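Q: when you get a sec, could you give me coordinates for this:
(chains A and B)
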Number of protein chains: 2
Amino acid sequence: MGEEVKVFGFWSSPFTHRVVLALRLKGVSYEYREEDLFGNKSPLLLQYNPIHKKVPVLLHNGKPIAESLVILEYMEETWKSNPILPKDSYDKAMARFWAKFFDDKCMPAIWKAFWCPENEREKAVEEACRCLKTLESALNGKRFFGGEAIGVVDIAANFVGFWLRTIQEVTGLELLSAEKFPNLFKWTDEFVNHSVVKGTLPPRDKQLEFNKVIVAKYEQGEIKA
Amino acid sequence: MGEEVKVFGFWSSPFTHRVVLALRLKGVSYEYREEDLFGNKSPLLLQYNPIHKKVPVLLHNGKPIAESLVILEYMEETWKSNPILPKDSYDKAMARFWAKFFDDKCMPAIWKAFWCPENEREKAVEEACRCLKTLESALNGKRFFGGEAIGVVDIAANFVGFWLRTIQEVTGLELLSAEKFPNLFKWTDEFVNHSVVKGTLPPRDKQLEFNKVIVAKYEQGEIKA
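A: Predicted structure coming up:
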């Protein structure tokens, strides 16, 4: 009997995409279940992630795991093919450091830059750009954060890899450009054109339309930084 | 030649204490270097943790690692004795989930409850108590979060184990009590009386005095939630 691997996700969620991408990179077959995050989460999602009530959840042989970085670590231990973490303990610590930096600092800073009140914008943009500059230096001339192959930091930073530029396109606020952060900008092209990544990302047009919905929600006060 | 293990820390930092406690639990010899966090961080700390400029930093054979949870994972891989993470991959994912929950949700919520503006207090206290209730349920009748032995979740939750009750004593704001959260309260006693933990915690009187300094800083507007 085959193993049960289910992902509870949302098509436009970079956190969901992390899990889906890692499963595809590792060649693990899975069933995908789309969640309606706008007021209609499934009873199963709430049962499997009662603390955060968020996607993604990975269900493996009946056992649920939440939090995308925790899921990635679990996947790395469970499915050994195509490692997404370095073998060496110190390199692994560095990869974990950068993935954590992305979640703790970059994501909130970038989010705030887009969705903060107008009078906080300048400072928020500065902080977001500081984070992007730090990412640029972490890339340090490599093709991917993981070196020649995509690793956990590339997967964690997928929001910058794909979503950021689509949000810039809709809002007109440019944080990341080839002029400001050439290496990071080049990396976003490498990332979205990677054969496995390409097949897992939302269609660009659909994402742009969805971004407009988010912008409208922001303008109606439904989204705050 | 022996290996070089240095900790850059601050005596009253629960994050520093995580690293020191794990080293002691594992029986690893180390050199400790106290940092002056109030305006006089050492050039070495800034060199070893240029991104966050914070304690703790673990220096192992010349290589620096920052972020206490990242350090704990590195230690677990480097020094196998007295494991602080479960062997089973799923149990390990759960331990990582709870350690992350502690850092992402509990710590900020508790911190906010103490140091927010008065008009936000009630809501902040509610949120902090929700987090403590979740921790109480995660403990689920066990002696430690790790079961019979202290594990990474106990280590991560050390702020609740020791610091919280000392801050309550100084501020008069009681979030955690034996009445409200009996299991968690009992756990804090188990934690501080554990033979290794006991030897690594700051002296209670010194901590209480330091808390008064923090309260004064808060009242002067130097600390915000």
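
Q: may I see the buried residues of the lengthiest helix in chain A?
A: In chain A, with assignment by DSSP state H, the single longest helix is helix A:121-139. By neighbour count on 16 or more other Cβ atoms under 10 Å in any protein chain shown, the buried set for helix A:121-139 is A:121, A:124-125, A:127-129, A:131-132, A:134-136, A:138-139. From N, CA and C alone the C-beta is placed, and that goes for glycine too.

Q: who does that helix touch, helix- and strand-wise?
A: Contacts defined by 3 or more Cβ pairs under 8 Å, 6 or more residues apart in numbering or on different chains; DSSP states H and E place helix A:121-139 against helix A:89-101, helix A:107-115, helix A:182-193.

Q: any idea how far A:F145 is from the closest residue to A:L175 other than its chain neighbours?
A: Spatial nearest neighbour of A:L175, chain neighbours left out: A:A128 (5.3 Å); criterion: Cβ to Cβ, 6 or more residues apart in numbering or on different chains. Using Cβ to Cβ, to the nearest Å, A:A128 is found at 18 Å from A:F145.

Q: repeat that for A:Y218.
A: Counting by Cβ to Cβ, the gap from A:Y218 to A:F145 is 30 Å.

Q: who's more crowded, these two?
A: Just comparing A:Y218 and A:F145: by other Cβ atoms under 10 Å in any protein chain shown the higher neighbour count belongs to A:F145, 25 against 15.

Q: so what's the closest residue to the more buried one other than its chain neighbours scoring on pLDDT?
A: Excluding the flanking residues, the one nearest A:F145 by Cβ to Cβ, 6+ apart is A:V153, at 3.6 Å. Residue-level confidence at A:V153 comes out at 98, pLDDT.

Q: these two touch, right, A:V153 and A:A95?
A: Yes: using Cβ atoms under 8 Å, A:V153 makes contact with A:A95 at a distance of 5.5 Å.

Q: overlap in contacts of those two?
A: Common contacts of A:V153 and A:A95, defined by Cβ atoms under 8 Å, 6 or more residues apart in numbering or on different chains, comprise A:145-146.

Q: could you check how far A:F101 is from chain B?
A: 6 Å (Cβ to the nearest Cβ, to the nearest Å).

Q: can you tell me the SS state at the nearest residue to that residue once chain neighbours are set aside?
A: Leaving aside its sequence neighbours, A:F101 sits nearest to B:I51 (Cβ to Cβ, 6+ apart; 6.4 Å). Using DSSP: H, G, I helix; E, B strand; the rest coil, the structure places B:I51 in coil.

Q: report the separation between B:I51 and A:L135.
A: Relative to A:L135, and taking Cβ to Cβ, B:I51 is found at 11 Å.
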